[in-house]
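**Student:** Here is a sequence together with a model predicted from it:
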Amino acid sequence: MRIILIILLSLVGVTFSQTSTPKPKPLDPIEDVPGLPRVLLIGDSISIGYTLAVRELLSGVANVHRPPANCGPTIRGLEQLESWLGDQPWDVIHFNWGLHDLKYIAPGATPRHSGRLTDVAQGEQMVPVKVYAENITRLLDRLQKTGAALTWCATTPIPQGAKGRVPGDEVRYNEAAAAVMRKRGVPINDLYTFAAARANEIQRQADVHFFPEGSQVLAGEVARKILAQLPIRAQIARAVKTLAPVDDLPENAALPALLGSPAPSTGEWPGMRAALCDQLAFYEYGFAPGAPTRLRFQVLREDRRALDGKATKREVRVHFGPSETPPMDILLHVPNKRQGPAPAFLGLNFHGNHTTTADPEVTITSNWVPSRGEGVKDNRATPASRGTSASRWPVEAIIDRGYAVATVYHGDLDPDLNDSTDGIQPHLTGDVGESQKDHQWASLRAWAYGLSRAADYLVQLPDIDPQRIAVMGHSRNGKTALVAGAFDERFSLVISNQSGCGGAALSRRRHGETVKRINGSFPHWFNGAFKTFNDREDYLPTDQHTLLAAIAPRPLLVCSATGDDWADPEGEFLAAKEASAVYEWLGKDNLKNASMPEENKLLNHTVGYHIRPGEHGIGIADWTVFMDFADKQWGR
Ligand code: GCU
């Protein structure tokens, strides 16, 4: 009797729980929460697998929709995209096709996109790669018309033994799609590399699908990539859910640990890295908007015979989209003698592109420039300032070693004044709530944003290798190079030269420039929250080793000068040594067992360090070290 009662009760319980909270289904439509951005996920069964988890991760931040269908191959997309887009505007569209394009089907299916999976030997490929690339281009034409911020998602791995598909085809299809995306400036979520790194934990055997926990893991990465494209207010709204308000932070004199104990599986790194970036944005550098949707590159001039024929020089104006946003100019030199696309260095300059070379053709900036520069009158550059920083930019020597070099004046993005009404920020920030203002971007993040837009340009050039773009910078531009490298993984090598406080030097050491000093002299460099750490460094939940670690596993070189005590060389070395814990865990050579080297001895590891004699500054000696480092790290 008791058993029957228990059975009856449990049946009632089951029925009750079923009627009161029906399990949501990924293909069911959802109601919008008014006021939140609208996100559309386009993809096949892999995306159906992660839809609910992405929705959950972004709940209260964005309305995450998907078409009520498996979006199949590109040929289905071409037929149905219009109805999937509907008539309401989208803020972000995260999209993928590929897994069905590359599959083998029995010949003669109608419509072809419903063709059934068959053995490779008996079938034919649904959409050959050339047609796939054409279809992707047409789909992108339509998607770009929506005005939404787009993110292309790469196709996940095909495991050995998966029926009707050939492992390796997804790599070819991904490459074809990535080439289109780079050309059109569409950010890429490389879910292929992400999933391949931990396929044995998350993907089924001989099956393209993922275990439920695996779909959850993919959802984390997809949600992160979507979040980066959402307006600043949405990014901050998400961050406040997980990060403590500055007033609630505990005092901690020790450097915050970068890895838990025991260290998690290395497959966790993308999520951990994103969490570090969130902290850095929230407490120090501020959140920045996603890539603009209407970026335009205007070639101002090109000289294929620059530097006595050694280089092609190009000046390119980058228009950000929203009218009135000031543009930025890139000055690029590419070596003419090279085998294949050239690796490149990209960095900001202090006084205008025309100061980096005596070349009389380079446009003189019309923006505000600091008065301390030579040839400057009333904070405007005159022709007398041409080439005044040329010793900092040894272009010919860089070209001679086979590297391209690109530079941008940081004042194009945000003049270096304590004033956030000039530069790009007022045009791209969007609405931000009063309580969120302390967490929005400041000058360093705006300058880093400009470096990312310069990367948008470089990655679509046939003469530049998109896999080998180094970001470098000196002093405040060195801080910026680290920020750019931490937040934008397309920078495959990062170099800071004497970046000091807010760059590579540990804040907790309070040596040379301190948090209070820098916030007092340059309040516009960091966000509002960072001011609360004046004389309270021990309350920082991060330190500058966090910034360096966020660059892992990519090569990172920290450079100091003995006479530059203001930038605290030892603090820079120690930060790199501390960040080495992450590099070590990821299997990269590092500074874990190193002590501060003697002058001029490059510690050329994946995380490397160099100190030279002399004062604060940059010149050919420093560039020689940068290039030696890049040569080794890039295996040249
Ligand atoms: C000042 C500032 C430093 C900065 C340097 C520079 O010295 O205090 O933080 O690195 O300027 O950018 O040249």
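**Tutor:** Perfect, I can see it now. Numbering: from 1, shown residues only.
**Student:** Now do the buried residues in stretch 399-417.
**Tutor:** 399, 401, 403-417 (16 or more other CB atoms under 10 Å). Bear in mind the C-beta positions are built from the backbone N, C-alpha and C, glycine included.
**Student:** Now intersect these with the strands, please.
**Tutor:** Counted as lying in strands by DSSP state E, out of the buried residues of stretch 399-417, are Ala404, Val405, Ala406, Thr407, Val408, Tyr409.
**Student:** Leaving out sequence neighbours, find the closest residue to the last one.
**Tutor:** This means Tyr409. Distances taken as CB to CB, 6 or more residues apart in numbering put Gly352 closest to Tyr409, at 4.8 Å, once the chain neighbours are dropped.
**Student:** residues touching that neighbour, list them.
**Tutor:** Going by CB atoms under 8 Å, 6 or more residues apart in numbering, Gly352 touches Ile364, Thr365, Asn367, Val369, Ala381, Ser385, Tyr409, Gly411.
**Student:** Please repeat the previous calculation with a cut-off of 7 Å.
**Tutor:** Shown in contact with Gly352 (CB atoms under 7 Å, 6 or more residues apart in numbering): Ile364, Thr365, Val369, Ala381, Ser385, Tyr409.
**Student:** Would you quantify the distance from the fourth one to Glu79?
**Tutor:** If I follow you right, that is Ala381. Distance of Ala381 to Glu79, given as CB to CB, to the nearest Å: 55 Å.
**Student:** the more surrounded of those two?
**Tutor:** Legend: neighbour count by other CB atoms under 10 Å for Ala381 and Glu79, higher for Ala381 (25 against 12).
**Student:** Could you tell me the phi and psi values at that one?
**Tutor:** phi -80, psi 140 (degrees, to the nearest 10).
**Student:** again with Pro34
**Tutor:** phi -60, psi 140.
**Student:** ditto for Asn497
**Tutor:** Dihedral angles (degrees, to the nearest 10) for Asn497: phi -110, psi 120.
**Student:** any chance you could read off phi and psi for Val395?
**Tutor:** phi -60, psi -40.
**Student:** What sits closest to the residue nearest to the spatial centre of the chain if chain neighbours are left out?
**Tutor:** The structure's the chain has its C-alpha centroid closest to Asp488; by CA atoms, centre = their mean the separation is 2.3 Å. What sits nearest to Asp488 in space, not counting adjacent residues and going by CB to CB, 6+ apart, is Ser452, at 4.7 Å.
**Student:** SS state for the one you found?
**Tutor:** Of the three states, Ser452 takes helix according to DSSP: H, G, I helix; E, B strand; the rest coil.
**Student:** List the residues that contact His427.
**Tutor:** His427 neighbours (CB under 7 Å, 6+ apart): Pro322, Glu324, Thr325.
**Student:** returning to what we had before: looking at the contacts of Gly352, which one is closest to Glu284?
**Tutor:** Tyr409 (24.0 Å; CB to CB).
**Student:** Asn349 is in contact with the closest one, correct?
**Tutor:** Yes - if you go by CB atoms under 7 Å, Tyr409 and Asn349 touch, sitting 5.6 Å apart.
**Student:** now the residue of the stretch 201-350 of the chain found nearest the ligand: how far from His410?
**Tutor:** As assessed by CB to the nearest ligand atom, the ligand sits closest to Phe350 within the stretch 201-350 of the chain, at 7.5 Å. Shown here: Phe350 relative to His410, a distance of 7 Å by CB to CB.
**Student:** tell me, what's touching those two both at once?
**Tutor:** Asn477.
**Student:** Give the ranges of residues in this protein that sit below the confidence cut-off.
**Tutor:** 1-20 (pLDDT under 70).
**Student:** Give me every residue in it lying close to the ligand.
**Tutor:** Those residues of the chain that sit near the ligand, judged by CB under 6 Å from any ligand atom, are Ser475, Arg476, Gly500, Cys501, Glu513, Ile518, Ser521, Trp566.
**Student:** And the fourth one, how close does it get to Ala197?
**Tutor:** Read that as Cys501. Taken as CB to CB, the span from Cys501 to Ala197 is 35 Å.
**Student:** Which one's more surrounded, those two?
**Tutor:** Neighbour tally, Cys501 and Ala197, criterion other CB under 10 Å: the higher count belongs to Cys501, 28 against 15.
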